[in-house]
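[1] just the structure for this:
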Amino acid sequence: MENVYVTIGLEVHCQLLTRAKMFCRCSTDYIGKTPNTLVCPVCMGLPGALPVLNRRALELAIKTALALQCEILPEVVFHRKNYFYPDLPKGYQISQYDFPIGVRGVLEFALQGTKKRVRIRRVHVEEDAGKLIHEGPELRGTVSGVDFNRAGIPLVEIVTEPDLHSPEEAKECLVMLRNIVRYLEVSDGNMEEGSLRCDANVSVSLSPETPGAKVEIKNMNSFRSVFRALSYEVERQAELLRAGKTLVQETRHWDEVRQVTVPSRGKEEAEDYRYFPDPDLLPFRIAPAMLQEIQATIPELPLQKKERFMREYELPEPEAYILVQDRDLAEFFEACVREFPSPRAVCNFILTEVLKNLNSLNIGIRESKVTPSMLAELLKMVERKEIGISLAKGIFEEMFRTGMGARDVMLKKGISFLTSERDLEKVVREVIEKNPQSVADYLRGKEKALHFLIGQVMRATRGQANPEVVKNLLLRELSSGE
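    Residues are numbered from 1 along each chain as shown. From the prediction side, this is the model:
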């Protein structure tokens, strides 16, 4: 990628979290449903069927545009985007053209600690197409099927300016956009299930003054795919330019198996779609009161939350970045800190033990049986040196599994508090007496021997002792016996 100038723009589609489709009352809960069971004359485009605008979908799209600092146009106009695909039953898609919801916005994200800005060209709402099925037992490998359950589901499309200049920037921009729509609760942003889809326009030239051909990349269904597809495409175009060959404007698909982009068709321009206003849908005027109501529902967004966590809680940037990827996890952290005001300790335990247990069951923090108060109480016990951190981790696993509090788990398992230093001193002396060789090794300067002795005390106490207290007692006993 050296000695070439790369420009990348993204076109991102997010399925909106509505119960009904964009222009009819069919359910949007299509995942796992029998093909072609969530359809009606409207979303199938049958003659005489008229669309009715889903106001909730429009509100969610406006909320997205406001969060991206867009200028909201006063009137929303729907257009017909004409093209034929087998999964588009009407033969056209109801979308927007010269009067979108929002224009001239800004998206901020961070890459390796450096803040980046990408301009948002437009935010508009449209309906989704159906889904082609090319394999399955009912198809017998000879034909392709069409499932129209997804046809008509509301989408918000976010189009950036070509302000990105590397695959890394494009990936982080997309991650931030996914996090924003999740924070806003306008979309679940799940790329694997297709509720967030990204196309990228890539242009490579030998100098900034000489624009390259615009190549559109489709079929990228994960953040990793986006990064790999763009990396491959940038290098492919760069090699052709260095060889003195001419690049053509086209659409290419990412082949996940072969890890290459392959030609699909010539790249369409706006005039190819023959846009014209939809005669069945009247323009919708956005009242100032409506904008104010929607603006009031926008929460603190991920980048601002990360910067506040770094400033207010003195968290390092990598740790703060992970916490704010999930709004629920960030709120869990803050709720815990309110009861146990040691942000670094709370953060470290969440990023290790909490995430480990969540990932083991593939669930989110909302589904966890452990509340912030329960975790705060556990960490208070560690701070008071009633239990060691290793024992606390084991207790937390049982709390996570059963929903029991820390003290109830200890009672159930017969774990007692080792708060008496006198009891620990007795165990320490017994360990010293049973391990004279390790004692001698330590006195000769072998530091590993001390760690062995600490381990023996922890074993004798079944992990209930605080390791730091054990170490201090051992050092005191060993120094007094020299």
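[2] contacts only, for the closest residue to K471 other than its chain neighbours.
    Nearest residue to K471 in three dimensions, chain neighbours excluded: I454, at 5.7 Å (C-beta to C-beta, 6 or more residues apart in numbering). Just so you know, the C-beta spots here come from the backbone N, C-alpha and C atoms, and that holds for glycine as well. Neighbouring residues of I454 by C-beta atoms under 8 Å, 6 or more residues apart in numbering: 467, 470-471, 474.
[3] which one of those residues sits closest to S203?
    P467 (57.5 Å; C-beta to C-beta).
[4] tally of neighbours for E250?
    Other residues lying near E250 total 15 when counted by other C-beta atoms under 10 Å.
[5] separation between it and E334?
    The gap separating E250 from E334 is 48 Å, by C-beta to C-beta, to the nearest Å.
[6] about what we covered before: following the one helix or strand the residue nearest to K471 maps to, which helix or strand shows up next?
    Using DSSP states H and E, I454 sits within helix 447-460. Sequence-wise, the next helix or strand downstream of helix 447-460 (DSSP H and E) is helix 467-481.
[7] report the buried residues of that next one.
    Counting neighbours by 16 or more other C-beta atoms under 10 Å, one finds that the buried residues in helix 467-481 are 467, 469-471, 473-474, 477-478.
[8] what is the longest strand seen in the chain packed up against?
    Longest strand of the chain, by residue count under DSSP state E: strand 114-127. The contact analysis (3 or more C-beta pairs under 8 Å, 6 or more residues apart in numbering; DSSP states H and E) places strand 114-127 against helix 55-67, strand 92-95, strand 102-111, strand 154-160, helix 167-184.
[9] report the distance from the helix or strand following it to the chain centre.
    Downstream of strand 114-127, the first helix or strand assigned by DSSP H and E is strand 131-133. Strand 131-133 sits 26 Å away from the centroid of its parent chain (C-alpha atoms, centre = their mean, to the nearest Å).
[10] can you check stretch 98-107 too?
    23 Å.
[11] low-confidence ranges in the stretch 101-250 of the chain?
    By pLDDT under 70, the weakly predicted segments of the stretch 101-250 of the chain are 135-142.
[12] count of neighbours near D280?
    13.
[13] can you verify it is assigned to a helix?
    No - D280 is assigned coil when assessed by DSSP: H, G, I helix; E, B strand; the rest coil, not a helix.
[14] does it touch A49 like I think?
    No - with contact defined as C-beta atoms under 8 Å, D280 does not count as touching A49 (9.3 Å).
[15] wait, what's in contact with the residue nearest to the spatial centre of the chain?
    By C-alpha atoms, centre = their mean, the mean C-alpha position of the chain lies nearest to N179, the distance being 5.2 Å. Residues near N179 by C-beta under 8 Å, 6+ apart: 189, 302, 324-325.
[16] ok, 7 Å please
    Taking C-beta atoms under 7 Å, 6 or more residues apart in numbering, we find N179 in contact with 302, 325.
[17] from L177, how far off is the residue nearest to R19 when sequence neighbours are not counted?
    Spatially, and ignoring its direct neighbours in sequence, R19 is nearest to T28 (6.4 Å; C-beta to C-beta, 6+ apart). Distance, T28 to L177, by C-beta to C-beta: 21 Å.
[18] check F309 too.
    20 Å.
[19] and what of K33?
    K33 is 28 Å from L177, by C-beta to C-beta.
[20] more crowded one of the two?
    L177 (25 against 13).
[21] so where do the strands sit in the stretch 201-350 of the chain?
    Using DSSP state E, counting those that start in this stretch, the strands of the stretch 201-350 of the chain run over 215-220, 250-255, 260-266, 276-277, 284-285.
[22] which other helices and strands does the fourth one contact?
    Identification of packing neighbours for strand 276-277 by 3 or more C-beta pairs under 7 Å, 6 or more residues apart in numbering; DSSP states H and E yields strand 79-82.
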